[in-house]
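*Asks:* Give the three-dimensional model of this entry:
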Amino acid sequence: MCTVVIDVADAGNARLLAVRDEDPLRAWDAPGDWWADRYPGVSGIRDRRAGGAWLALNASERRLAVLLNRADLAEIPGGHAQSRGSLVLESVSGRSPQAPPPMHGFNLLEVSPDGARVLSWDGVELRETPIGPGIHMIAHDDLDDAATPRIETWLPEFRGLGPAADLDDWAAAWTRLLERTAALDPEDDRAIIRDNRPHGYPTQSLLYCTAAVTPAGVALDYRALAHPGHWD
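*Replies:* From the prediction side, this is the model:
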């Protein structure tokens, strides 16, 4: 139940804040060139168990992708699902999913010189949602979905900061707002820094990143939380 806030200025020019929720017992590695043989030029946050990535970037091609889980509306035939960890690695290499994949549901957020979009798979349909100019949020449902409590609560607050490109230090301003959201109990469904166990999932917020994709390239800042599900 990860969360992403993204501000799209125009095609190939976006800034985002991404919070990762995962089982704390599932080990990961900080951003690095973990896939140099198969995906040269790609850097990202590696999931040690499956070997894929949650977030990845390709600086030379000005591409960035983030993976968010989404509920399944249908069972996968045969009951054998492939890991979703390859999605962001393929995406930043210029290869997005084109056909219904044999995977559990996902929202794949992509930023490239062509613009920003979300590819959503729910086990029935693979849909594309272009992300227009402005500030948007996505979690486990649709883009800017007001039925998602954290989006309903905090999207107006992020929009109230104004365009990220106009701020002296947009990443600091967004991080201060993220810190303010942590005044909520992490079990509150409005929380961005979350403990999802009361909602039936073993996941907690583990880390967050700010990133900018601009004509100058891709810049990423990574911060791990000292205690899962809690702001430090």
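*Asks:* What distance do you get for residue 17 to residue 147?
*Replies:* Using Cβ to Cβ, to the nearest Å, residue 17 is found at 21 Å from residue 147. Placement of C-beta: from N, CA and C, glycine included.
*Asks:* Same check on residue 99?
*Replies:* Taking Cβ to Cβ, one finds residue 99 at 28 Å from residue 147.
*Asks:* before we move on, back to that, who has more neighbours out of residue 17 and residue 147?
*Replies:* For residue 17 versus residue 147, neighbours defined as other Cβ atoms under 10 Å are more numerous around residue 17 (24 against 8).
*Asks:* Not counting its neighbours along the chain, what's nearest that one?
*Replies:* Spatial nearest neighbour of residue 17, excluding adjacent residues (Cβ to Cβ, 6 or more residues apart in numbering): residue 5 at 4.6 Å.
*Asks:* just to confirm, which helix or strand has that neighbour in it?
*Replies:* If you go by DSSP states H and E, residue 5 is part of strand 3-10.
*Asks:* Run the chain-centre distance for that strand.
*Replies:* Distance of strand 3-10 from its chain centroid, counting by Cα atoms, centre = their mean, to the nearest Å, is 10 Å.
*Asks:* do stretch 63-77 as well
*Replies:* The answer for stretch 63-77 is 12 Å, by Cα atoms, centre = their mean.
*Asks:* Buried ones in that stretch, by neighbour count?
*Replies:* By neighbour count with 16 or more other Cβ atoms under 10 Å, stretch 63-77 contains the buried residues 63, 64, 65, 66, 67, 68, 69, 70, 72, 76.
*Asks:* Then stretch 98-114?
*Replies:* 101, 103, 104, 105, 106, 107, 108, 109, 110, 111, 112.
*Asks:* can I get these in JSON lines with secondary structure, distance to residue 30 and pLDDT?
*Replies:* Output for those, formatted as JSON lines (DSSP: H, G, I helix; E, B strand; the rest coil; distance: Cβ to Cβ, whole Å; pLDDT from 0 to 100):
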{"residue": "101", "secondary structure": "coil", "distance to residue 30": "27", "pLDDT": "88"}
{"residue": "103", "secondary structure": "coil", "distance to residue 30": "25", "pLDDT": "91"}
{"residue": "104", "secondary structure": "coil", "distance to residue 30": "25", "pLDDT": "91"}
{"residue": "105", "secondary structure": "coil", "distance to residue 30": "27", "pLDDT": "93"}
{"residue": "106", "secondary structure": "strand", "distance to residue 30": "22", "pLDDT": "95"}
{"residue": "107", "secondary structure": "strand", "distance to residue 30": "23", "pLDDT": "97"}
{"residue": "108", "secondary structure": "strand", "distance to residue 30": "22", "pLDDT": "98"}
{"residue": "109", "secondary structure": "strand", "distance to residue 30": "20", "pLDDT": "98"}
{"residue": "110", "secondary structure": "strand", "distance to residue 30": "22", "pLDDT": "98"}
{"residue": "111", "secondary structure": "strand", "distance to residue 30": "21", "pLDDT": "98"}
{"residue": "112", "secondary structure": "strand", "distance to residue 30": "24", "pLDDT": "97"}
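*Asks:* Among those, which pair sits farthest apart?
*Replies:* 104 and 112 (24.4 Å; Cβ to Cβ).
*Asks:* beta partners for the residue nearest to residue 17?
*Replies:* residue 17, residue 137 (DSSP bridges).
*Asks:* what sits against it?
*Replies:* The contact partners of residue 5, by Cβ atoms under 8 Å, 6 or more residues apart in numbering, come to 16, 17, 18, 135, 136, 137, 154, 155, 158, 174.
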